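Asks: Got a predicted structure plus its sequence, pasted below:
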Amino acid sequence: MSRRVRRKVARKSKGNDVVASSCPEIRDEVLDLELPGTVDWRSLPDDTVIQLLSCLSYRDRASLSSTCRTWRTLGSSQCLWNTLDLRSHRFDANMASSLAPRCVHLQKLRFRGAESADAIIHLRARNLCELSGDYCRKITDATLSVIAARHELLESLQLGPDFCERISSDAIKAIAHCCPRLSKLRLSGIRDVNADAINALAKHCPKLTDIGFIDCLNVDELALGNVMSVHFLSVAGTSSMKWGVVSHLWHKLPNLIGLDVSRTDISPSAVARLLSLSQSLRVLCALNCPILEEDTSFSASKYKNKLLISLFTNIFEGLASLFFDSTKKGKNVFLDWRSSKNNDKDLNEIIPWLEWMLSHTLLRSAESPQQGLDNFWVEQGGALLLSLMQSSQEDVQERAATGLATFVVIDDENASIDCGRAEAVMRDGGIRLLLGLAKSWREGLQSEAAKAIANLSVNANVAKAVAEEGGIEILAGLARSMNKLVAEEAAGGLWNLSVGEEHKGAIAEAGGIKALVDLIFKWSSSGDGVLERAAGALANLAADDKCSTEVALAGGVHALVMLARNCKFEGVQEQAARALANLAAHGDSNSNNAAVGQEAGALEALVQLTRSPHEGVRQEAAGALWNLSFDDRNREAIAAAGGVQALVALAQSCSNASPGLQERAAGALWGLSVSEANSIAIGREGGVAPLIALARSEAEDVHETAAGALWNLAFNPGNALRIVEEGGVSALVDLCSSSVSKMARFMAALALAYMFDGRMDEFALVGTGSEGISKSVSLDGARRMALKNIETFVLMFSDPQAFTAAAASSAPAALSQVTEGARIQEAGHLRCSGAEIGRFVTMLRNPSSILKTCAAFALLQFTIPGGRHAVHHASLMQNAGAARVLRGAAAAATAPLEAKIFARIVLRNLEYHQIEHTA
C-alpha cells in the first residue's frame, strides 16, 4: 500500500479512526462525506473510491474492483499499486502472473518465503526500487541473482531477520553487478561474506550508503574498509570479527556516521579507538556486548558529540543530549524528532537508521534471553520498544510490537510471562499504543500488535486494562480478518482474555464467539496455529454456562467435532477435545451434552483420540467422554463406539502419567460404569486392576474418580470378587482411612459395603462358567478389615453429645445438628439408580450393625435437602416403600444408636421432599 496514498492526517472521528489522504483534495472530500443516511456508493467521487481501495489488501482490492467497470478502472490506478505487501498471502507464479498487469509501476514489494521469492520475476515489475523479504532460509543464490538481474533499478534490498543460509557471496556479487543504484543492502545470516563480494559492492554501487551484514558467520573486515560511500554499517550479531583490524581501519571511513556492533564480542579498547579516531562517527550502537559490559570502568562521556548506546548507558538521555535541546530527556526522543522541524540532514538519516537497528537488536535480544537483562528491560528496553512502535517505518513498528510480545515471555510452553515487564508496558501506555496499531489498516501491524496484546494479556492486570481500553472489540473484529495471520493472533488474544471469567461475557457481546467458530470453518485445512487458538478460546468460553449455549448456537459443536475428527495437529486435537468437554459439562442447564453426543462422528472421534501418542490429547478426550457419559444415551453410544476397551487401555497405560490424565481416565470409566452392562464389560476387559492402581495414586482428585469407578463396579458381584482377587480391598481400605478427600473416603466405604453385604459371598460360592472365575478366595479376613474401616469412617461423623441429644429429644433442631455434622457437601452431586438405592435400603436389614449404619449414613447423604439429586433419590425411595424399612431401623432395639438417628433423619428428609412435591 502506497505511503503516498496513506499519508496520515490528524483528524479524530467518532471511533477515533484516522483519515488518511495522499493530497489535501482527497482529504477534504473524505471529510465532507459525513452525511446522514445511507451512502450511495455509485455517487462517490473517484478520488474517494481510490482512497477506500488504498485501505484494503491487494486481494480485497482486486475483489472489489470486479464489482463494476468504473471501479475496475479505478482499482487499476497507478497509485494503488506502487506498494505491495504479500507476506500474509500465498504468492506463487500463477498469482504473480495475474497481478503483473497492475504492477508495471510497482516500486516497493514485501514478500515472505522462498516460493514467493521465486515468483517475484513473474510480476515483471521493472521499476521496483525497494525489496524486503523474511523467512528467507530457503532462498538460493540462483533465485536472488535472477531477482537482481531483472530489477536493475533496485535501491534497497533487505532479507531477514531470519538467516539466509543458502545465500553466499556469489549472490552478493551478482547484486553488485546488476543493481548500480543500490543504496541500502541489509542481509541476515550469510555464512561467508568475502572480500570479492564486498569489493564488488564498493566498485559497482557508488550510492551504497547503508550496509548491514547481520548475524553472519564471517565478514571480511579489510574489504569493508574499502567501501568509502558507506554512512551506516551494521555487523550486529556477526561472529569471528577481528576487532583489532576493525578499530584500525574503519575509523578511516570518511562518511561513516552510524556503526552497529550489538551482540558481538567487541572489546572496550576497540570501542574507544573508533570513538576517538573517527571524524565522522556520531553513533556507535553496542547493545548486549558482554566483554564491553564487563568493563565497569569504561565511560563514553569523554567523547564529545558522540553517542555510545549500550546496556550501561542512559539511551534516552544520550539521544536527547546529542540531537535535541538538553532539557528534553524523557522517553519520547524519537517522537520529539518526528514532531520537530529539524533540518539537520545527518539527523534525518540517523534517526530512521537507529530506529531500524534498535528494533532489530531488541527483538533479537528478546528472542534469546540472557541473565542480567531484567533491569534493562524494565527500565529502558520496554520503553524503547514502545517508542519505536510510534515510528513512521512500518517494519520498525512491526518488530517493536513483536519485541514486546517476546520480551515478556518466560516460558512459551506453559504460557508464563514476566509480570513485572508486562505491567511496566501497561504503566508506560503500551496497551493503548498496541490497540492503536491493531486498528491500523496494515495487516502486518495488525498481526504483530495482536500477538503482543495476546502475550501481555496472560497477566490478569494487563488483561483488565486491555478490556477497559476496548481491546476485546478490536480483537473480535480482527478475528474476522481474511488474513490468516491476523485472525490467528487475534484468536490468541481472545484465548488468553477468555481465561478471566469477567471477560467471557464481553467477548460474547462483541461477537467473538461467532468469529471464532467461523475461523474454524474458514481455515479448517490451512494449518494448526489459527485452529488451535480458536478452539482454545472456545474451550475457555464453553466453561461458562451462558457462553456455552452461544457456542452451540453459533455452530461450535459441529466445528469442534470436525476438528476432533479430521485435524491431525496435536495442539488442535487437544483444544477441540477440551472445548467439547466443557460444552458437555452443563448437562443440567442446557442441551449441549446431548447435542455433542448426537453430532455425527463425535463419540467415535473422542474414543480414537484416547489412543493419541500425545498425553494432552488423551487427557482432554477422556475428560470429554467423562462429561458426555452423564447422558444416558451418550453412555451407551460411547460403549458401542469401543469406549470401554479404549478407556480400559488408557487406564492401564497411565500409571506413570500426569494426575490430570489419571483423573480423567478413571472418571470416564466411572461415568460409563453407571450402566450395569458397561460395568460388567469394564470388569471383563481388565479394568479392575488399573483402577486399583489409580486408587493408590498420591493425587486427591485421582482418589475420587478411582473410588467412584470401583464403587460402581463393586455393585456387580463378579466385579466385587475381581476387586478382592486383585488386591483391591487394601487399596480401598487405605482410601477409606487416609485419603485427604472426604468424597474418596465415602465412596471407598460404599464400595467395601457393596462387596461385603453378602452378595459376593453367594457369587464366590456358586460361581459361573461364563464369568470364568477359577480362584478360590478366602473372604473372612478381607471382610473383617473392610467392616472395621467402614465403622471407623462413619464414626468420624458421629458426635456422641449430638447423638445423645437427638436420641433424647424429638426436636428438629437436635436432628439438624447431627445432619450438619455428618454432611459431606460434595456427596449431594452423586446420582444413584433405583437399584443402588434399593440395595442400601436392603442393607438396612443386614445382620451386620456396621453395614446398617453405613447404609443409613449413605441414604442421609443422598436425601439431604438442597442436594443436586436429593429429590430424585427421595422419589426412588418412596416408590420402593423405603419409609417402612427406615422406621423399622429407627426403632430396632438392637441397632446401633448411629443407625437409628441416621434413619430418623432420612425419614425426615423424605417427609420434607414429599411436602415440597405436593406444595
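Replies: Sure, I can see it. Numbers count the residues shown, from 1 in each chain.

Asks: show me the contacts for the nearest residue in space to residue 207 that is not next to it in sequence.
Replies: Distance criterion C-beta to C-beta, 6 or more residues apart in numbering; nearest residue to residue 207, sequence neighbours excluded, is residue 183 at 4.6 Å. (Glycine included, C-beta is placed from N, CA and C.) Shown here is residue 183, whose contacts under the criterion C-beta atoms under 8 Å, 6 or more residues apart in numbering are 155-156, 205, 207-210.

Asks: need those in TSV with secondary structure and neighbour count, can you?
Replies: Below are the contacts of residue 183 laid out as TSV (DSSP: H, G, I helix; E, B strand; the rest coil; neighbours: other C-beta atoms under 10 Å):
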residue	secondary structure	neighbour count
155	coil	19
156	strand	18
205	coil	22
207	coil	11
208	coil	23
209	coil	21
210	strand	22
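
Asks: Out of those residues, which comes closest to residue 872?
Replies: Compare each of these with residue 872 using C-beta to C-beta and the shortest gap goes to residue 156, at 75.0 Å.

Asks: export the host helix or strand of residue 514 as PDB, just CAs?
Replies: Element membership for residue 514 (DSSP states H and E) is helix 512-522. Extracted as PDB, the C-alpha positions of helix 512-522 are listed here (Å, rounded to 0.1, in the frame of the first residue of the first chain):
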ATOM      1  CA  GLY A 512     -16.200 -13.000  19.400                       C
ATOM      2  CA  ILE A 513     -17.800 -16.500  19.700                       C
ATOM      3  CA  LYS A 514     -19.300 -16.300  16.200                       C
ATOM      4  CA  ALA A 515     -16.000 -15.000  14.800                       C
ATOM      5  CA  LEU A 516     -14.000 -17.900  16.500                       C
ATOM      6  CA  VAL A 517     -16.400 -20.500  15.200                       C
ATOM      7  CA  ASP A 518     -16.300 -19.000  11.700                       C
ATOM      8  CA  LEU A 519     -12.500 -19.100  11.900                       C
ATOM      9  CA  ILE A 520     -12.600 -22.900  12.200                       C
ATOM     10  CA  PHE A 521     -14.700 -23.300   9.200                       C
ATOM     11  CA  LYS A 522     -12.700 -20.700   7.200                       C
END
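
Asks: buried sites along that helix?
Replies: Neighbour counts over helix 512-522 (16 or more other C-beta atoms under 10 Å) mark 512-520, 522 as buried.

Asks: same thing with stretch 638-657?
Replies: For stretch 638-657, the neighbour count (16+ other C-beta under 10 Å) marks 638-639, 641-652, 654, 657 as buried.

Asks: can I assume residue 573 is in contact with residue 617?
Replies: Yes: under the criterion of C-beta atoms under 8 Å, residue 573 makes contact with residue 617 at 4.7 Å.

Asks: which of those two has more neighbours?
Replies: Taking neighbours as other C-beta atoms under 10 Å, residue 573 and residue 617 compare with residue 573 leading, 30 against 24.

Asks: Which element, helix or strand, includes that one?
Replies: Counting by DSSP H and E, residue 573 is part of helix 570-583.

Asks: For that helix, which outside residues touch it?
Replies: Contacts made with helix 570-583 from outside it, assessed by C-beta under 8 Å, 6+ apart, are listed as 528, 531-532, 535-536, 538-540, 542-543, 548, 551-552, 556-557, 560-561, 563-564, 567, 592-593, 595-596, 602, 606, 609, 612, 614, 616-617, 619-621, 623-624, 626-628.

Asks: Quick one: mean pLDDT for it?
Replies: Per-residue pLDDT values over helix 570-583 give a mean of 96.

Asks: quick one: average confidence on the very next helix or strand once past that helix?
Replies: Sequence-wise, the next helix or strand downstream of helix 570-583 (DSSP H and E) is helix 592-598. Taken as a whole, helix 592-598 carries a mean pLDDT of 92.

Asks: tell me what the helix or strand following helix 592-598 is packed against?
Replies: Following helix 592-598 in sequence order, the next helix or strand is helix 602-609 (DSSP H and E). In this structure, helix 602-609 makes packing contacts with helix 556-566, helix 570-583, helix 615-628, helix 632-640, helix 643-653, judged by 3 or more C-beta pairs under 8 Å, 6 or more residues apart in numbering; DSSP states H and E.
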